[in-house]
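J.: Any chance you can model this:
(2 chains)
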Number of protein chains: 2
Amino acid sequence: MVEVKKYNVAVVGATGMVGQKMIDVLLERQFPINRLKLLASARSADKKLKVGSETYTVEEVSPQSFEGIDFAFFSAGGNLSKELVPEAVKRGAVVVDNSSAFRMEEDVPLVVPEVNPDAAGKHRGIIANPNCSTIQMVVALKPLHETAILKRVVAATYQAVSGAGKEAVEELKEQCRAYLAGKPVKTGLIPHKGAIRNYQLAFNLVPQLDIFVEEGYCKEEIKMIRETRKIMSLPGLPVTATTVRVPVINGHSIALNVELEQALSANEARALLEKSPGVLVADNPGKLEYPTPLEADGKDAVYVGRIRPDYSVEYGLNMWVVSDNIRKGAATNSIQIAELLI
Amino acid sequence: MVEVKKYNVAVVGATGMVGQKMIDVLLERQFPINRLKLLASARSADKKLKVGSETYTVEEVSPQSFEGIDFAFFSAGGNLSKELVPEAVKRGAVVVDNSSAFRMEEDVPLVVPEVNPDAAGKHRGIIANPNCSTIQMVVALKPLHETAILKRVVAATYQAVSGAGKEAVEELKEQCRAYLAGKPVKTGLIPHKGAIRNYQLAFNLVPQLDIFVEEGYCKEEIKMIRETRKIMSLPGLPVTATTVRVPVINGHSIALNVELEQALSANEARALLEKSPGVLVADNPGKLEYPTPLEADGKDAVYVGRIRPDYSVEYGLNMWVVSDNIRKGAATNSIQIAELLI
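T.: Numbers count the residues shown, from 1 in each chain, chains lettered A, B, ... in the order given. Now for the predicted structure:
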């Protein structure tokens, strides 16, 4: 008889969109859980959450919450991570952190299991889960790079409102209802909570994600550039990005333009992607088949379609990459990281 | 006393979205009209349309409709243009055609007044109005090219449903209502009428505009590539595009990545664009100011924002270009073309 080791697991931010999906994914993937602890900030403490057939009470997170915890999955914002991730590590937990707080720290691996699984082993207590749009981008880029070497990447994103949280999803729906009824539209959460100016997202586009940081770039764009380089161990890779919020509920999409060092036909790229882990190719123009966020919603794969040559450079390819930003972009990827360690 | 010459004007496709906007724009811009004739296919004939204070009856278009007409504005689809534009020309009319039927013909000028006004004078009866997303792209590219020479252009579009016509706008609204009410969503007009497969656009994205034509490209992408080269008289310009339909009612947006032959800072590009005809720069990250389709709706300008350096190439720039696809992308540009000739 084989004894399966089981772990004490904490989910921090358990009432949020990603936190709840983390719990779902832990169950779906039958993560070997001994004890499950659901944690959140004071605001959400004492809420009841149904997990499988049991009801859990969400506890207010504190340094002591992590006593005896083996794995802690954090998804409660950068500030809470900065404060409490070190406390969890101090108490012996391995933390998979979904915030951007530690991603670029040198001794923190930034891991996408299909791309750089080996990095996970080098952790010193913290492993960072990358930005959602970065994850789906590198899953699609990796097989192309292995065969033909990336020279330059130009990304334009089409990002769903679920990435801005539950309230933002409700705001979009309410805006659509109001707009269609000819009533005034209320704004407040886009481009981000607390912004000095808000935009309607219903039937509109907002070309800003997160705050503006430098030289006219918003933070999401900078994340896509820097995190891609770190995950792929290509510190000098030329990458640029324009990130745009679109009135889609769930599922991020990327129009991805790739320049390679070597020739790679669209058919070769398709064949490489088809056999890559975590990728599903949906690409048949003759049948009008390509990925859409609505079809990727609720799935774990990174969907790639519209693969075609780009003749504007020597070895260019265009493609369209879609994935569920709450699952593969956050929850599923976090759990997959922990699975690498057990 | 100055005698102003007045013209007999026909609008073909007068009941369509673009046709109706053409009539509005003719009045707004006080185009010197002697007699106005509203024409459409048999299906829409006998409809009444209010123009200013008068009511017009739409007539079924036929070759004889163009007797005595000076300017005919066509926006009733490629097939009708192919059949009747030559008939109008034969009868002495100058045709501004909004379909793609004649755009790439060598002796047909393809004109954006801010970019290549001189081409209009070389017409032999037909002047083509370019594709909507191409128009706004070249208006933004022209001033950059004049100063620093375009080397390569990578475009990803975010295109409103109004480009697919009135019924498609209604379909999107109805889909949103149904989706929000938890009812089944009806599809039928996206990616295009008569497609072998239809997609929901509400809260979704459809990375296909027009039919697929070659090597995995859809026709809208090919138009953006070829028409840009023709309008800018740069037959070898490296351009690539990914065109995507988004759940926006009106106003196309483009994430535009530009590689130049010479250095041009974001500030210099902004200054050039600010003084360019037809362009409005809306670009202040500190105030979260950038163009959105909702704000461009109903206006004639091409709005440019998010102008910033792209360090992934030697002389690169990223920008975000938004314009009303029914106005500047079709109706206004067509009328502006005729104004060049009077």
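J.: now the stretch 201-342 of chain A, which segments are flagged as low pLDDT?
T.: Along the stretch 201-342 of chain A, no part satisfies pLDDT under 70.
J.: Look up phi and psi at residue A:263.
T.: Backbone torsions of residue A:263, given as degrees, to the nearest 10, read phi -60, psi 140.
J.: in the stretch 51-200 of chain A, what residue is nearest chain B?
T.: Residue nearest to chain B within the stretch 51-200 of chain A: residue A:156 (3.5 Å; C-beta to the nearest C-beta). For glycine as for every other residue, the C-beta is placed from the backbone atoms N, C-alpha and C.
J.: and that residue, what does it touch?
T.: Applying C-beta atoms under 8 Å, 6 or more residues apart in numbering or on different chains to residue A:156 gives the contacts A:241-242, A:244, A:254-255, B:156, B:242, B:255, B:257.
J.: Return the list of helices and strands in contact with the longest helix seen in chain A.
T.: Longest helix in chain A by number of residues (criterion: DSSP state H): helix A:132-148. Packing contacts for helix A:132-148, counted by 3 or more C-beta pairs under 8 Å, 6 or more residues apart in numbering or on different chains; DSSP states H and E, involve strand A:150-158, helix A:219-231, strand A:252-260, helix A:266-274, strand A:279-281, strand A:302-310, strand A:316-323.
J.: Which positions in the fifth one come out as buried?
T.: By neighbour count, with 16 or more other C-beta atoms under 10 Å in any protein chain shown as the criterion, the buried positions of strand A:279-281 are A:279-281.
J.: Now do it: everything it contacts.
T.: A:114, A:139-140, A:143, A:270, A:273-274, A:291, A:299, A:301-305, A:307.
J.: are any of those buried, and which?
T.: If we count by 16+ other C-beta under 10 Å, the contacts of strand A:279-281 have these buried: A:114, A:139-140, A:143, A:270, A:273, A:291, A:299, A:301-305, A:307.
J.: Next to chain B in this structure, residues from the stretch 101-250 of chain A, please.
T.: Proximity of the stretch 101-250 of chain A to chain B, by C-beta under 8 Å from any C-beta of the partner chain, involves residues A:152-154, A:156, A:158, A:173, A:176-177, A:180, A:191, A:195-197, A:199-200, A:203-208, A:212, A:215-218, A:238-240, A:242, A:244, A:246-249.
J.: mind giving me the domain ranges of chain A?
T.: A:7-129+A:331-341, A:134-325 (automatic domain parsing).
J.: Give me whichever of those domains is most buried.
T.: Sort these by mean neighbour count, taking mean count of other C-beta atoms under 10 Å in any protein chain shown, and domain A:134-325 sits at the top with a mean of 21.
J.: what's stretch A:174-184 in contact with?
T.: So stretch A:174-184 is contacted by A:185-187, A:200-203, A:247, B:173, B:176-177, B:180 (C-beta under 8 Å, 6+ apart).
J.: let's see 6 Å
T.: Here stretch A:174-184 makes contact (C-beta atoms under 6 Å, 6 or more residues apart in numbering or on different chains) with A:185, A:200, A:202, B:173, B:176-177, B:180.
J.: could you dump the domains of chain A to JSON lines with distance to residue B:24?
T.: Formatted as JSON lines, these follow (distance: least, C-beta to C-beta, whole Å):
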{"stretch": "domain A:7-129+A:331-341", "distance to residue B:24": "44"}
{"stretch": "domain A:134-325", "distance to residue B:24": "21"}
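J.: my guess is residue A:296 contacts residue A:305, does it?
T.: No: Residue A:296 lies out of contact with residue A:305 (C-beta atoms under 6 Å); the separation is 10.6 Å.
J.: sorry, back to before: so which of the domains of chain A is nearest residue B:58?
T.: domain A:134-325 (28.1 Å; C-beta to C-beta).
J.: Give me the distance from the closest one to the chain's centre.
T.: 11 Å (C-alpha atoms, centre = their mean, to the nearest Å).
J.: what's the first-to-last distance across it?
T.: Using C-alpha to C-alpha, to the nearest Å, one end of domain A:134-325 lies 10 Å from the other.
J.: Next: stretch A:92-108.
T.: Using C-alpha to C-alpha, the two ends of stretch A:92-108 sit 16 Å apart.
J.: what sits up against it?
T.: Here stretch A:92-108 makes contact (C-beta under 6 Å, 6+ apart) with A:66, A:69, A:71-75, A:77-78, A:81-82, A:85, A:88-89, A:110, A:124, A:126-129, A:330, A:334, A:337-338.
J.: what mean pLDDT does it have?
T.: The predicted model assigns stretch A:92-108 a mean pLDDT of 98.
J.: go on, stretch A:115-127?
T.: For stretch A:115-127, mean pLDDT rounds to 98.
J.: go on, stretch A:137-151?
T.: Averaged over stretch A:137-151, pLDDT sits at 98.
J.: Name the surrounding residues that touch it.
T.: Stretch A:137-151 has contacts (C-beta under 6 Å, 6+ apart) with A:112, A:114-115, A:228, A:231, A:254, A:259-262, A:264, A:272-273, A:276, A:278, A:302, A:304, A:321.
J.: ok, now with 7 Å
T.: A:112, A:114-115, A:153, A:155, A:224, A:228, A:231-232, A:234, A:237, A:254, A:256, A:258-262, A:264, A:269, A:272-273, A:276, A:278-279, A:302, A:304, A:315, A:319, A:321 (C-beta atoms under 7 Å, 6 or more residues apart in numbering or on different chains).
J.: Can you show me the CA trace of it as PDB?
T.: Only the C-alpha atoms of stretch A:137-151 are listed here, as PDB (Å, rounded to 0.1, in the frame of the first residue of the first chain):
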ATOM      1  CA  MET A 137       1.600  34.500 -23.800                       C
ATOM      2  CA  VAL A 138       4.700  32.500 -22.700                       C
ATOM      3  CA  VAL A 139       2.800  29.200 -23.000                       C
ATOM      4  CA  ALA A 140       2.300  30.000 -26.700                       C
ATOM      5  CA  LEU A 141       5.800  31.500 -27.200                       C
ATOM      6  CA  LYS A 142       7.900  28.700 -25.500                       C
ATOM      7  CA  PRO A 143       7.500  26.000 -28.300                       C
ATOM      8  CA  LEU A 144       8.300  28.600 -31.000                       C
ATOM      9  CA  HIS A 145      11.400  29.800 -29.200                       C
ATOM     10  CA  GLU A 146      12.700  26.300 -28.600                       C
ATOM     11  CA  THR A 147      12.600  25.600 -32.300                       C
ATOM     12  CA  ALA A 148      13.300  29.000 -34.000                       C
ATOM     13  CA  ILE A 149      14.500  31.400 -31.300                       C
ATOM     14  CA  LEU A 150      12.400  34.500 -30.500                       C
ATOM     15  CA  LYS A 151      13.800  37.800 -31.900                       C
END
